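In: fold the following.
(4 chains)
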There are 2 protein chains.
Amino acid sequence: MVTVGALERLRETHRRAITGLLASEGPMSRADLARGTGLSRTTISSLVGDLIGTGHIVETADRGRPHKGGSGRPPHLVALSTPHGVVAGVDIGHGHIRVAVADRAGLVLAEESASLDVDTHGTDALDRAARMVRGGLATAGVDRTELLGAGMCVPAPLDRRSARIRTGIMPGWRHLSPADELRRRLDVAVFADNDANLGALAELGGGAARGAADVVYVKLASGLGAGIVLGGRLHRGTSGIAGEIGHVQVGEDGLVCRCGNRGCLETVVAAPRLLALLQPAYDEELSVDSVLELDAADDAGVRRVLDDAGRAVGRALADLCNGLNPEAVVLGGSLGRSASLAAGVRSAIDRYAQPDAAGAVRVVPGELGDRAEVVGAVSLAIARVAVGQGVG
Amino acid sequence: MVTVGALERLRETHRRAITGLLASEGPMSRADLARGTGLSRTTISSLVGDLIGTGHIVETADRGRPHKGGSGRPPHLVALSTPHGVVAGVDIGHGHIRVAVADRAGLVLAEESASLDVDTHGTDALDRAARMVRGGLATAGVDRTELLGAGMCVPAPLDRRSARIRTGIMPGWRHLSPADELRRRLDVAVFADNDANLGALAELGGGAARGAADVVYVKLASGLGAGIVLGGRLHRGTSGIAGEIGHVQVGEDGLVCRCGNRGCLETVVAAPRLLALLQPAYDEELSVDSVLELDAADDAGVRRVLDDAGRAVGRALADLCNGLNPEAVVLGGSLGRSASLAAGVRSAIDRYAQPDAAGAVRVVPGELGDRAEVVGAVSLAIARVAVGQGVG
DNA sequence: CTTGTTTGTTCACTTCCCGGATGAACTCTC
DNA sequence: GAGAGTTCATCCGGGAAGTGAACAAACAAG
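Out: Reported below is the predicted structural model:
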């Protein structure tokens, strides 16, 4: 028996090149594949034949136009088989649980959210999340066995090695390994990361930072964190806590922070703090939403407070821009869509970063809003599950 | 004519696997190569035959022991041909030129330095640098045709696209493309980067940060800059100016800086500033060296000033540590070897970074001292020249 | 001296890829 | 509507690469 390992590997690489090209560029003809891969049309035909035989790709029903728009025999287009299996994204925040079920191309098939009491114990919240995932599967009309994996968002930094929560924002979460817990409940692989990292992943894949290489995604809501993308990849740091810009010092005599330090930026600009600052001047009870409405309605006090908060964040971002020279800062989280806040960030970066770095960076609001984390969780699940997974 | 592109590439990858294995593991037998690469002995024999034919590898005179220590026919060992060709590293600083000639393994064969008048025009300095390279080649006993390329250090940020100097520190350098100029004089490929990036490369390769993944190298001398290594690779940023931590704002009403802003960290801690600060209290004329001597001799005033400078730098690094969570901060540049300064940096990081990030980071002095830039320039040249270069 | 082991090469064979020829399918022009 | 032109996909012959089996070479051990 003659086994030709290297040649088989070669053919496998070529098959991957084809599926990769189809994944990134969409359906195309064999001739296009030949041009795209540099292989000959003959070889492509043979490889495509294999891939059709194994069910990895299919010939589409409709035929395309010839290559250069002109005349010629219309090609038979081939496309990736719609991959079976779905993934789930779970976003657990301070006051909500949001769950999405998506196919392996990232198309969301079902999504639902529910509010969550802050004091809910971690295991209870995870029970609920698991129920919601099962509900989402039912809504999407997908059998539970089709679930390939899940990504999950936790609103706290995770220890890189143990995957446990370090400093819990919520009481019943400390030293819990949320990924392990959810894995046990859903019986599939679960990958967890924090909200800022997942938001960055989401805006990078299909949001405001599509295709950028160096991006700082800032999540400003109950807390403040950043997801830092460098060279197109998430930077997590030595112990997995990169991006914690909420704990940049802005005042030595400031409030004591949950991180153990005092005067952290987060103690100045987090949503609860801003609400507390504004409340005395207003009769009705303020919420983040109502504050954003007042901001849109040009309420002077709200604008001032949000602009100041933006400047404080921008001050910290300016230092980061000096160091990292990113091409975009994306403002996410509930407060990220405030124009006043964005203006404050912009002006502080212009003021405090060196001119070349400030000039190179765009400051844009996130496009995904509340859904950023859950979309990022889906992206994470797809990225991890896709590796080495067949069509099934 | 039948050209088999893919198969040729396959064979090329296999040849690379062999040379790579020989480079990392040293001389070995064909059978060992077969085990190491997973290819068959037959194929290895054929590939090795090719490589011997092209002169890339040679059969060593001495024969090795059979594989498992036991009996059997002794193998013929093959090894990489000692690579011909050398590279040059050129470090042009504010007051000096330093040049090294090294073989392709990074072993320095000749090194010399000379002082340079700050006002020297760029083209004159480059003339001198080129002469020194030729002198180094002579010292090393290497013919000029053996020079494969050069790396060079310029003490200013470079524009990523045009490779020109943006804000020249020195008068006669503005809008010059130093790499092009030196290429013209030496008639080989020249690659330029700034001092901090090259220092980082040097300490990463064979210095204090050997093998680390996420490192911030700080160069503190006439100016202040950082080379940021993330995931083992230099991070240059969107427009190539990442690492400019000297332009972090530390005082709104501070001195005006060459970057166009005011109150930059660099205006507070750069060596000339520290000397000016100390001079009034001392009779003799101070220099960086004499200040470092006084520091080592526990002079209270000097210690205080250097500690304060370290704290200022550490304050900025603390923010960077919060954002990037690096495993090491390496202090380079002429002031980098001051213990007082290092102590100031350490205490500021502990004070201002969040505890987890501060705990994860080592603060260490650079091991290469003045030679960091030129060693980094050599590394850069080797990295760029090695790609696709034969044996010659 | 025989046996056993490891090495490196030769040989027959399979797999893979390529260029050119061929047929197919469609558009454009006359 | 027929023919020319163009592009697509497949078939075919041939070259190139890799593999296992077999074999000679070189040495150690019994």
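In: sec struct for the residue lying closest to A:Met28 once chain neighbours are set aside, please.
Out: Using Cβ to Cβ, 6 or more residues apart in numbering or on different chains and skipping residues adjacent in sequence, the residue nearest A:Met28 is A:Leu77, 6.3 Å away. No exception for glycine: its C-beta is placed from N, CA and C like everyone else's. Using DSSP: H, G, I helix; E, B strand; the rest coil, the three-state assignment for A:Leu77 comes out as strand.
In: next one: A:Ala129
Out: Using three-state DSSP as the criterion, the local structure at A:Ala129 reads helix.
In: same question, the one 4 residues further on
Out: Three-state assignment for A:Val133 (three-state DSSP): helix.
In: low-scoring stretches of the stretch 101-250 of chain A, by residue?
Out: Per-residue confidence for the stretch 101-250 of chain A (pLDDT under 70) gives these ranges: A:156-174.
In: what does it put close to chain B?
Out: Applying Cβ under 8 Å from any Cβ of the partner chain, one finds that the stretch 101-250 of chain A approaches chain B through A:157, A:166-167, A:213-214, A:226, A:228, A:230-231, A:233, A:235-245, A:247-249.
In: go again with 6 Å.
Out: Applying the criterion Cβ under 6 Å from any Cβ of the partner chain, the portion of the stretch 101-250 of chain A that neighbours chain B consists of A:214, A:230, A:235, A:237-239, A:241-242, A:244-245, A:247-249.
In: closest to B:Asn325 among these?
Out: The shortest gap between B:Asn325 and any of these belongs to A:Gly237, at 2.6 Å (Cβ to Cβ).
In: need the helices for the stretch 101-250 of chain A, in chain order.
Out: Listed from the start of the chain, the stretch 101-250 of chain A has helices (DSSP state H, counting those that start in this stretch) covering A:122-140, A:178-186, A:195-206.
In: for the second one, what is the distance to the chain centroid?
Out: Per Cα atoms, centre = their mean, to the nearest Å, the displacement of helix A:178-186 from the mean C-alpha position of its chain is 20 Å.
In: could you export that helix as CSV, CA atoms only?
Out: Extracted in CSV, the C-alpha atoms of helix A:178-186 (Å, rounded to 0.1, in the frame of the first residue of the first chain):
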residue,chain,number,x,y,z
PRO,A,178,-18.8,30.9,33.8
ALA,A,179,-17.7,29.0,30.7
ASP,A,180,-17.4,25.7,32.6
GLU,A,181,-20.8,26.3,34.2
LEU,A,182,-22.5,27.0,30.9
ARG,A,183,-20.7,24.1,29.2
ARG,A,184,-22.1,21.8,31.8
ARG,A,185,-25.7,23.1,31.2
LEU,A,186,-25.6,23.1,27.4
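In: so what pLDDT did the residue nearest to A:Met28 get?
Out: Per-residue confidence (pLDDT) for A:Leu77: 87.
In: and A:Ser287, by the same measure?
Out: The confidence metric pLDDT takes the value 93 at A:Ser287.
In: how much space separates it from B:Ala270?
Out: Here the distance between A:Ser287 and B:Ala270 works out to 49 Å (Cβ to Cβ, to the nearest Å).
In: looking at these two, which one has more neighbours?
Out: Using other Cβ atoms under 10 Å in any protein chain shown as the criterion, A:Ser287 and B:Ala270 rank with B:Ala270 on top: 22 against 12.
In: list the contacts of the more buried one.
Out: The contact partners of B:Ala270, by Cβ atoms under 6 Å, 6 or more residues apart in numbering or on different chains, come to B:223-224.
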